[in-house]
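S.K.: Below is the sequence, then the predicted model.
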Amino acid sequence: MDLPELGSVKGFWDLRPTIDAYLGPVDYRGKRVLDVGAASGFLSFEMERRGATVVSLDLDGPERRHFVPFADPRYDPSAQREYYGRVVPALHRAYWLAHRLYGSRAQLFLGDLFNLPAELGTFDVVMLGMILPHLRDPFYALECVLRLASDVVVITQPAPGMPDAYAYFMPDPATLAPDTAWWSMSEACVERMLAVLGFTMESITRAEHACLSRGDREMCSTYVARRRFPLR
Ligand SMILES: C[S@@+](CC[C@H](N)C(=O)[O-])C[C@H]1O[C@@H](n2cnc3c(N)ncnc32)[C@H](O)[C@@H]1O
């Protein structure tokens, strides 16, 4: 993030050069947007800069994360729990720092995407950046958040190059990794899930985004789909 007063602050990813692709070919002006899994808010503040009114959603505590329960005694579940016990409050603090420095009017809702209160209202655009692969049940996650989506959904995440509607189960009991990622879904899979929920795919764009923590780039697909039937 480029923050007023502080300058450039490094994170795990640098989405700045490829942010147009990451957010998809969507006109955010005047839209009410839900940023699901907002983390420190980079996407929220960028969508707000483009004219959206943003509600950022992230989890209210580390225990909400879906850790892979490797039964192998070599796996130490406490390490990840301790790490996220520190990271989750740090992300909240980072969000509020950036919020203050940008003079943002975005709202932060801390909770669980599987249990969203109706009081949040509905949204013209629901954005899910790199979150579905981290959830045990990505289809149910979509079902829950898209109840609040009156028009457009944007999803950005990597996709294996399979022609069929394919979901690959990522946790490997041999290497005990990854322990916070579950599913890698092909483009056809995401399209099919969205179609089940009444959304028609309008565009899929692909771009490589810079992952600073790994020192490489990762190809991601950005899906933009639109609701076909009225909300009920
Ligand atoms: C990999 S980060 C993605 C950050 C950002 N959306 C992006 O695309 O760069 C995933 C985020 O989802 C949040 N998250 C995970 N499970 C969640 C849940 N059940 N409810 C709300 N947020 C959740 C995590 O706290 C984390 O901030």
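M.R.: Cool, got the structure.

S.K.: And the residue of the chain most remote from its centre, its phi and psi?
M.R.: Using C-alpha atoms, centre = their mean, the residue of the chain lying farthest from its centre is P73. It sits 31.2 Å away. Here is the backbone geometry of P73 (degrees, to the nearest 10): phi -60, psi -20.

S.K.: If I look at it, what pLDDT would I see?
M.R.: Note for P73: predicted pLDDT of 95.

S.K.: Looking at P62 now. What's its pLDDT?
M.R.: On the pLDDT scale, P62 is placed at 83.

S.K.: Now the residue nearest to it when sequence neighbours are not counted: which helix or strand?
M.R.: Excluding the flanking residues, the one nearest P62 by C-beta to C-beta, 6 or more residues apart in numbering is Y84, at 3.8 Å. Where you see a C-beta, it was placed from the backbone N, CA and C, and this is true even at glycine. Taking DSSP states H and E as the criterion, Y84 maps to helix 77-102.

S.K.: In its sheet, which strands sit next to the helix or strand that that helix is followed by, and in what direction?
M.R.: Later in the chain than helix 77-102, the nearest helix or strand by DSSP H and E is strand 107-111. Within its sheet, strand 107-111 is paired with strand 53-59 (parallel), according to DSSP bridges.

S.K.: which of the residues in the strand it pairs with are buried?
M.R.: 53-59 (16 or more other C-beta atoms under 10 Å).

S.K.: do stretch 6-14 as well
M.R.: 13-14.

S.K.: just to revisit the earlier point, could you tell me the per-residue confidence at the residue nearest to P62?
M.R.: If you check Y84, the pLDDT there is 89.

S.K.: gap between it and D72?
M.R.: To D72, Y84 is 20 Å away according to C-beta to C-beta, to the nearest Å.

S.K.: near the ligand, which residues of the protein show up?
M.R.: Residues of the chain lying close to the ligand (C-beta under 6 Å from any ligand atom) are 37-39, 43, 57-59, 64-65, 91, 112-114, 129-131, 134.

S.K.: List buried residues within the residues you listed.
M.R.: Listed as buried from these are 37-39, 43, 57-59, 64-65, 91, 113, 129-131, 134; burial here means 16+ other C-beta under 10 Å.

S.K.: Please consider this matter closed, and thank you.
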